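>>> Structure for the following, please:
(2 chains)
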Amino acid sequence: MSALLQIRNLRVAIEGKEILRGVSLDVYAGEVHAIMGPNGSGKSTLAAVLAGREEYEVLEGEVLFDGQNLLEMEPEERARAGLFLAFQYPVEIPGVSMATFLRTALNEVRKARGQEPLDPIQFLSYARERMSWLGMEPDFLQRAVNEGFSGGEKKRGEIFQLLLLEPRLAILDETDSGLDIDALKIVASGVNRMRSPERSFIVITHYQRLLNYIVPDVVHVLFDGRIVRTGGRELALELEERGYDWLRSEGELVLPTLGEQ
Amino acid sequence: MPVQQDEVLQQVTQSEYKYGFVANIEEEIAPVGLNEDIIRFIWERKGEPEWMLEWRLRAYRHWKTMQEPRWAKVVYPPIDYQAISYYAAPKKRHVQSLDEIDPEIRRMFEKLGIPLEEQKLLAGVAVDAVLDSASVATTFKEKLAELGIIFCSMSEAIQKYPELVQKYLGSVVPYTDNFFAALNSAVFSDGSFVYVPPGVRCPMELSTYFRINAARTGQFERTLIIADEGAYVSYLEGCTAPMRDENQLHAAVVELIALDGAEIKYSTVQNWYPGDREGRGGIYNFVTKRGICLGRESKISWTQVETGSAITWKYPSVILKGEGSVGEFYSVAVTNHRQQADTGTKMIHIGRHTRSRIVSKGIAAGHSSNTYRGLVRILRGADYARNYTQCDSLLIGSSCGAHTFPYIEVLNPTAVTEHEAMTSKIGEDMLFYCRQRGISEEDAVALIVNGYCREVLLHLPMEFAVEAQKLLAISLEGSVG
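Below is the predicted model of the structure:
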């Protein structure tokens, strides 16, 4: 069986500056991969390119998602195919209620999966059930999209959307940043609840703290646009202890990733 | 500009105006040009009393001394007022009942989604249908008459209720008011008339649907709404026109009068043909709308969603004369392609404790120009008057322009005025967020724009609000920047 997500030698630049300098990665169904690395190593760029942000220029490489050429798909096509990005900085949309926004999104995704759309009442009961998993206030759906949300509310909102849309691959871009330990636990419990043999996760984080709660199968270290280390959970702990600087001394060493075995 | 955006901007230009068809209806059209004979011609056709001819001629003579206003931030070639026909009316329109309406006219209105059979109408809406220069049908008249409410065409009102018409016609917008109001007074041919007697709350929405059909004609309708003491009425106005390469002139006048404790709510969804992507054709919409809160504690509220017309020149206003009266203006104005809009309101505070509220949302896309122009004037006697103004602009793409000209004149030291203004763009970030959730770019724009206009749309009656939301989506199809 081939991997759900296959990244081959991906090189990406923005405004002429190369950020990803040859990333290869295979994520199989059911796996949770953590991508760690210092600031500016290219973690968020990788998330943005996978989700389809247009300001990035792909210089070389290939990405297959469930066998489809991901880089040729529009962002909404990627989402409908089951790729979800939990944003590091969720955007505010004044005047649009969460309920309207999420029902529109969910029905697009359902249409792509060949399911009937949900009417507002069906949507409400479906959404409320999942809100309770995260201990969210009932008025959440009536509020404007992310408007006036605290940092923690925004992050929780992103995980809620993940629960709602049930993607096949969820990318969490620094979802732990700015969260206190209680909020972190709630976010992690939501993710863990969604773990299944069909669903994969890429958890992007600067700190290993989150990985105490979302235990990854594989940990990658992204450094200066390349994956320089790949290992198990213990790699995250090692990074926690030693920081990222020792990797710098290892120079441009590129290790083979799991997918190339 | 990224390729993607180019493509999308191209799509904008392909969004279609779905009301652009021409119906084949036999009409009587006045000879082209304007002079006293033409005014007599209109007057005769309408069989009006002598005083109307005198009024029209006075207006015409005054109009001849006036200059077309050019202060608005709109650009258009000179209009040849002698090249327009000032009267066009369906030949078969004198009917005793709704069943006798020319089937061709009936079909046309059905195509526009305005069935003229009462049983097919939305419950709670009575319709006066105006085609070119003449009213062709008014529904639910009898039912309204039981409550003493008069809802009929202006022509009929002149015949049947001359005292009311003589008392109020031109009382809010005199023919001396401005160039287009003078022109309208001289040549207006029809429109709607509403009178709600004291203490009566009109149980249904009253609505006029205006349709221009004939070529090389102008439409000059006149609407007069009077809410007597303690009365309430909600009135809706909709309009469309065929797609033509020529520009057609629409110069209407609307006058509202609210007596003690009365309330008038006037809603417009303006969807005249806006012209094509290059700016060819489209309606010149030069309209004077004004209400007066004559009585104490009376209220007039204007809500408008302006998406059509090549040029919009329109300032629905309220004169707040009665003590404690309230004026409101809620507006969404959308311009796309080469459309130009210069629109806003005037709130004239005369009485004590008068209050006004202005919420204006301008949305500009394509190469269009969208201007808010507003005046808040608080006169010496208006103790404790209050005004709150919020005018926001939303830009889509980088070739459009939004402008704001708020004028505030305060002559009373106890008055309080507040003004807030904000300009924003639909950002890539916002669109990307929606698209990452599976929502297409076009749907995302519609969603964001509807959210942006929400505060205004909330003031529209339900059926209209739904229409308006769809219309906003159509007008902005694909217009992403």
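>>> What's the local residue count around whatever residue of chain B ends up closest to chain A?
Closest to chain A within chain B is B:Gly451: 3.1 Å, counting by C-beta to the nearest C-beta. To be clear about C-beta, it is placed using only N, CA and C from the backbone, and glycine gets the same treatment. Residue neighbour count, defined by other C-beta atoms under 10 Å in any protein chain shown, stands at 21 for B:Gly451.
>>> Now the element after the host helix or strand of it, going C-ward?
Under the criterion of DSSP states H and E, B:Gly451 resides in helix B:441-457. Note on helix B:441-457: by DSSP H and E, the next helix or strand toward the C-terminus is helix B:462-475.
>>> where's A:Gln142 relative to A:Phe101, distance?
Per C-beta to C-beta, to the nearest Å, A:Gln142 is found 12 Å from A:Phe101.
>>> Look at B:His403 and say how many residues are nearby.
B:His403, neighbours per other C-beta under 10 Å, totals 15.
>>> Give the helix, strand or coil label for it.
With DSSP: H, G, I helix; E, B strand; the rest coil as the basis, B:His403 sits in strand.
>>> Ramachandran angles for the closest residue in space to B:Gln390 that isn't next to it in sequence?
Closest residue to B:Gln390 apart from its sequence neighbours, by C-beta to C-beta, 6 or more residues apart in numbering or on different chains: B:Glu420 at 4.6 Å. Backbone torsions for B:Glu420, taken as degrees, to the nearest 10, come to phi -130, psi 140.
>>> who's in contact with B:Glu420?
Going by C-beta atoms under 8 Å, 6 or more residues apart in numbering or on different chains, B:Glu420 touches B:389-391.
>>> could you redo the last one with a cut-off of 10 Å?
The contact partners of B:Glu420, by C-beta atoms under 10 Å, 6 or more residues apart in numbering or on different chains, come to B:359, B:388-392.
>>> got CSV for those residues, with neighbour count, pLDDT and secondary structure too?
CSV is the format used below for the contacts of B:Glu420 (neighbours: other C-beta atoms under 10 Å in any protein chain shown; pLDDT from 0 to 100; DSSP: H, G, I helix; E, B strand; the rest coil):
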residue, neighbour count, pLDDT, secondary structure
B:Val359, 20, 94, strand
B:Tyr388, 16, 96, strand
B:Thr389, 23, 95, strand
B:Gln390, 15, 92, strand
B:Cys391, 24, 91, strand
B:Asp392, 20, 90, strand
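>>> would you turn those residues into CSV with distance to B:Glu297?
As requested, the contacts of B:Glu420 are exported to CSV (distance: C-beta to C-beta, whole Å):
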residue, distance to B:Glu297
B:Val359, 22
B:Tyr388, 19
B:Thr389, 22
B:Gln390, 24
B:Cys391, 27
B:Asp392, 30
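>>> Out of the residues you listed, the closest to A:Gly30 would be?
The nearest member of the contacts of B:Glu420 to A:Gly30, counting by C-beta to C-beta, is B:Asp392 at 48.1 Å.
>>> Name the residues linked to B:Thr268 by a beta bridge.
B:Glu237, B:Gln304 (DSSP bridges).
>>> Hmm, it is touching B:Tyr235, no?
Yes. The pair B:Thr268 and B:Tyr235 passes the contact test of C-beta atoms under 10 Å, sitting 9.3 Å apart.
>>> if I pick B:Ala145, what's in contact with it?
Per C-beta under 10 Å, 6+ apart, neighbours of B:Ala145: B:151-152.
>>> Tell me, what's the model's pLDDT at it?
According to the prediction, B:Ala145 has pLDDT 90.
>>> Check what pLDDT A:Thr205 gets.
According to the prediction, A:Thr205 has pLDDT 92.
>>> Contacts only, for the closest residue to it other than its chain neighbours.
Distances taken as C-beta to C-beta, 6+ apart place A:Asp176 nearest to A:Thr205, at 5.6 Å, with adjacent residues excluded. A:Asp176 makes contact with A:155, A:183-184, A:187-188, A:203-211, A:213-214, according to C-beta under 10 Å, 6+ apart.
>>> taking these one by one, which sit in strands?
Under the assignment DSSP state E, these contribute A:203-205 to strands.
>>> Show me where the stretch 101-250 of chain A dips below the pLDDT cut-off.
Flagging of the stretch 101-250 of chain A using pLDDT under 70 yields the residue ranges A:248-250.
>>> again, 80 this time
Within the stretch 101-250 of chain A, the ranges that satisfy pLDDT under 80 run A:245-250.
>>> Name the residues of it found near chain B, please.
Contact residues, the stretch 101-250 of chain A versus chain B (C-beta under 10 Å from any C-beta of the partner chain): A:101-102, A:104-112, A:144-147, A:161, A:164-165, A:167, A:171.
>>> and A:Ala183, how many residues sit next to it?
When neighbours are defined as other C-beta under 10 Å, A:Ala183 has 17 of them.
>>> dump the residue contacts of the nearest residue to it once chain neighbours are set aside.
Counting by C-beta to C-beta, 6+ apart, the nearest residue to A:Ala183 once its immediate chain neighbours are dropped is A:Gly152, at 4.4 Å. Residues near A:Gly152 by C-beta under 10 Å, 6+ apart: A:178-180, A:182-184, A:186-187.
>>> Can you select the buried ones among those residues for me in ChimeraX?
Only the buried entries of the contacts of A:Gly152 go into this ChimeraX selection, using 16 or more other C-beta atoms under 10 Å in any protein chain shown:
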select /A:179,183,184,186,187
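>>> Of the contacts of A:Gly152, which belong to helices?
With helices defined by DSSP state H, the entries of the contacts of A:Gly152 inside them are A:182-184, A:186-187.
>>> Sort out which one of those residues lies nearest chain B for me.
Taking those together and measuring to chain B by C-beta to the nearest C-beta, the closest member is A:Val187, at 18.4 Å.
>>> I'd say the closest one and A:Ala86 touch.
Yes. Taking C-beta under 10 Å as the definition, A:Val187 is a contact partner of A:Ala86 at 9.0 Å.
>>> so what sits against both of the two?
Common contacts of A:Val187 and A:Ala86 (C-beta under 10 Å, 6+ apart): A:155, A:158-160, A:162, A:172, A:175.
>>> so which of the residues you listed would you say is closest to A:Pro120?
Lowest distance from A:Pro120 to those (C-beta to C-beta) belongs to A:Phe160, with 17.6 Å.
>>> Just give the nearest non-adjacent residue to the closest one, would you?
Going by C-beta to C-beta, 6+ apart, A:Phe160 has A:Leu134 as its nearest residue, at 5.7 Å.
>>> Any figure for the gap between that neighbour and A:Gln142?
Separation of A:Leu134 from A:Gln142 (C-beta to C-beta) stands at 17 Å.
>>> shared neighbours of B:Thr268 and B:Tyr235, anything?
B:208, B:254.
>>> hey, where'd the helices end up in the chain?
Picked chain A for this. Going by DSSP H, chain A shows helices at A:43-51, A:75-80, A:98-112, A:120-133, A:151-165, A:181-194, A:233-242, A:245-249.
>>> Hmm, no, I was thinking of chain B.
Along chain B, the stretches classed as helices by DSSP H are B:3-12, B:36-45, B:50-64, B:103-111, B:141-145, B:154-160, B:162-168, B:179-187, B:428-436, B:441-457, B:462-475.
>>> That'll do, ta.
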